[in-house]
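Engineer: Pasting the sequence and the predicted coordinates here, then a few questions.
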Amino acid sequence: MKAIICEQYGLPNTLVYKDVEIGQPAAGQVRVGIKACSVNFPDTLIIQGLYQFKPPLPFTPGNDIAGVVLEIGEGVNHLKVGDAIFGFTMQGGFAEEAIVPAHQIFPKPDGIDFPIAASFLLAYGTSYHALKDRAKLKAGETLVVLGASGGVGLAAVALGKLMGARVIAAASSEDKLALCVANGADATINYEKEDLKKRIKELTDGKGADVIYDPVGGAYSEAALRATAWEGRFLVVGFAAGDIPKIPLNLTLLKGCQIVGVFWGEFAKRFPKENKRNSLELLQWVLGGKLKPHIHATYPLADTPKALEEMMARKVKGKVVVVI
Ligand SMILES: NC(=O)c1ccc[n+]([C@@H]2O[C@H](COP(=O)([O-])OP(=O)(O)OC[C@H]3O[C@@H](n4cnc5c(N)ncnc54)[C@H](OP(=O)(O)O)[C@@H]3O)[C@@H](O)[C@H]2O)c1
């Protein structure tokens, strides 16, 4: 079968597209024929050896999959050959087939196509875990989302709105902000042109934001933290801008606020039941049309490096998906 292989850590143009052997699923695993795998920013870091974990070389990147069950390992009872599924693999998704632990896979309802099914588990799962479990966002609170048109950002905008918050989307261009408004944002800030701290204060009548969702890092983090309300929660989700900010801790004292870390992959590993419950709630919202993941573009498997390059060039709105 064909797969994208990372033979040495590096940029997307170092990835190789080639034939590889795939084995048989062990106990508790299934072999999946992949139909779609969405791109997430961590994929761009994992191939460079810059992520929280470094898979041993060679490996196939790609996490967020949808496809069909081809073979079942011993002890797997909730799936059968031919079932349409979606799930997460941590690695192995940019390929025609993957072997995946069965507990990371869920049956795919007919009402959702493969690209959409591959587009919400990680992005929406991260943002739902962040807003619900970590920030404990309440209806009526104000949520500011940085990088709001990106994969996890746009998910946070839509989920914040569904959870009853007033959502302020912050991003770098007017077309990105227009997509945020279409996904539920009540107000917008173009942080390339406007002073982020000042605008958050203005839009909240001087009170500041109850919750800040930050997948960007860099210079925006401290500016946003300085516009946090009393007893606010600042969610540390990622560092797409590249720089990990160093924050003056006196800001938390002055605002009685919390800086809260978010790590969905570790949460999913440590709390599989809770993660499954969150995932099924998200699935119901997608099925009911309350959540509509935005697909910016699709690519064939051989062009996976181009999809990763688009994301690194800050050109993607919502999700890009590799369709096999
Ligand atoms: N903590 C977790 O569990 C978890 C889970 C998934 C992802 N993440 C992290 O969340 C972040 C976003 O992931 P994603 O999949 O949503 O990525 P994405 O779709 O590429 O979105 C990232 C956003 O960050 C902004 N950005 C600012 N500077 C950037 C730069 N130099 N390069 C790229 N983007 C830049 C862009 O918006 P503007 O152009 O509008 O600024 C972009 O829309 C990543 O750091 C990722 O590792 C964390």
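Structural biologist: Great, that's in hand.
Engineer: which residues of the stretch 1-150 of the chain fall in strands?
Structural biologist: With DSSP state E, counting those that start in this stretch as the criterion, the stretch 1-150 of the chain has strands at 2-5, 16-19, 29-38, 64-72, 84-88, 97-101, 105-107, 142-146.
Engineer: just the stretch 151-300 of the chain next, same as before
Structural biologist: For the stretch 151-300 of the chain, applying DSSP E, counting those that start in this stretch gives strands covering 166-171, 187-190, 209-214, 228-236, 258-261, 295-300.
Engineer: Val152 contacts Ala240, doesn't it?
Structural biologist: No. Assessed by Cβ atoms under 8 Å, Val152 is found out of contact with Ala240, at 9.2 Å. (Each C-beta comes from the backbone N, C-alpha and C, glycine too.)
Engineer: so what sits against both of these two?
Structural biologist: Phe41, Pro215 (Cβ atoms under 8 Å, 6 or more residues apart in numbering).
Engineer: before we move on, the earlier item: among the strands of the stretch 1-150 of the chain, which is nearest the ligand?
Structural biologist: strand 142-146 (7.4 Å; Cβ to the nearest ligand atom).
Engineer: Please enumerate the helices of the protein.
Structural biologist: With DSSP state H as the criterion, the chain has helices at 41-46, 114-117, 121-128, 151-162, 174-182, 196-203, 219-225, 250-255, 264-270, 272-287, 304-312.
Engineer: any idea which of the ones you listed is most buried?
Structural biologist: Neighbour counts (mean count of other Cβ atoms under 10 Å) averaged over each of the helices of the chain peak at helix 151-162, with a mean of 28.
Engineer: near the ligand, anything from that one?
Structural biologist: Yes. Helix 151-162 lies within reach of the ligand by Cβ under 6 Å from any ligand atom, at Gly151, Val152, Gly153.
Engineer: From Glu74, how far out is the last one?
Structural biologist: Spatial separation of Gly153 from Glu74 under the definition Cβ to Cβ, to the nearest Å is 41 Å.
Engineer: circling back to that earlier point, distance to the ligand, mean pLDDT and mean neighbour count added to the strands of the stretch 151-300 of the chain, as JSON lines?
Structural biologist: Listed next are the strands of the stretch 151-300 of the chain as JSON lines, based on distance: least, Cβ to the nearest ligand atom, whole Å; pLDDT from 0 to 100; neighbours: other Cβ atoms under 10 Å:
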{"stretch": "strand 166-171", "distance to the ligand": "3", "mean pLDDT": "98", "mean neighbour count": "27"}
{"stretch": "strand 187-190", "distance to the ligand": "9", "mean pLDDT": "98", "mean neighbour count": "20"}
{"stretch": "strand 209-214", "distance to the ligand": "9", "mean pLDDT": "98", "mean neighbour count": "29"}
{"stretch": "strand 228-236", "distance to the ligand": "8", "mean pLDDT": "98", "mean neighbour count": "21"}
{"stretch": "strand 258-261", "distance to the ligand": "8", "mean pLDDT": "98", "mean neighbour count": "15"}
{"stretch": "strand 295-300", "distance to the ligand": "9", "mean pLDDT": "97", "mean neighbour count": "16"}
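Engineer: Export these to TSV and append columns for distance to Thr126.
Structural biologist: Formatted as TSV, the strands of the stretch 151-300 of the chain follow (distance: least, Cβ to Cβ, whole Å):
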stretch	distance to Thr126
strand 166-171	17
strand 187-190	22
strand 209-214	10
strand 228-236	10
strand 258-261	12
strand 295-300	18
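Engineer: residues near the residue of the stretch 151-300 of the chain at minimum distance from the ligand, how many?
Structural biologist: Per Cβ to the nearest ligand atom, Gly238 is where the stretch 151-300 of the chain lies closest to the ligand, at 2.5 Å. By other Cβ atoms under 10 Å, the residues close to Gly238 number 23.
Engineer: can you pull the contacts of it?
Structural biologist: When contacts are counted by Cβ under 8 Å, 6+ apart, Gly238 touches Phe41, Val152, Asp214, Pro215, Val216, Gly217.
Engineer: now do 10 Å
Structural biologist: The contact partners of Gly238, taken as Cβ atoms under 10 Å, 6 or more residues apart in numbering, are 40-42, 45, 126, 146-147, 150, 152-153, 214-217, 244, 262-263.
Engineer: what bridges to the residue nearest to Thr204 when sequence neighbours are not counted?
Structural biologist: Distances taken as Cβ to Cβ, 6 or more residues apart in numbering place Thr142 nearest to Thr204, at 5.5 Å, with adjacent residues excluded. Using DSSP bridges, the bridge partners assigned to Thr142 are Arg166.
Engineer: contacting residues around Phe88?
Structural biologist: Phe88 sits next to 40, 62-65, 100-101, 104-106, 118, 121-122, 125, 264-265, 268, 275, 279 when contact means Cβ under 10 Å, 6+ apart.
Engineer: Repeat the analysis, applying 7 Å as the threshold.
Structural biologist: The contact partners of Phe88, by Cβ atoms under 7 Å, 6 or more residues apart in numbering, come to Asn63, Asp64, Gln104, Leu121, Leu122.
Engineer: Closest one of those residues to the ligand?
Structural biologist: Within the contacts of Phe88, the smallest distance to the ligand is 5.9 Å, found for Leu122 (Cβ to the nearest ligand atom).
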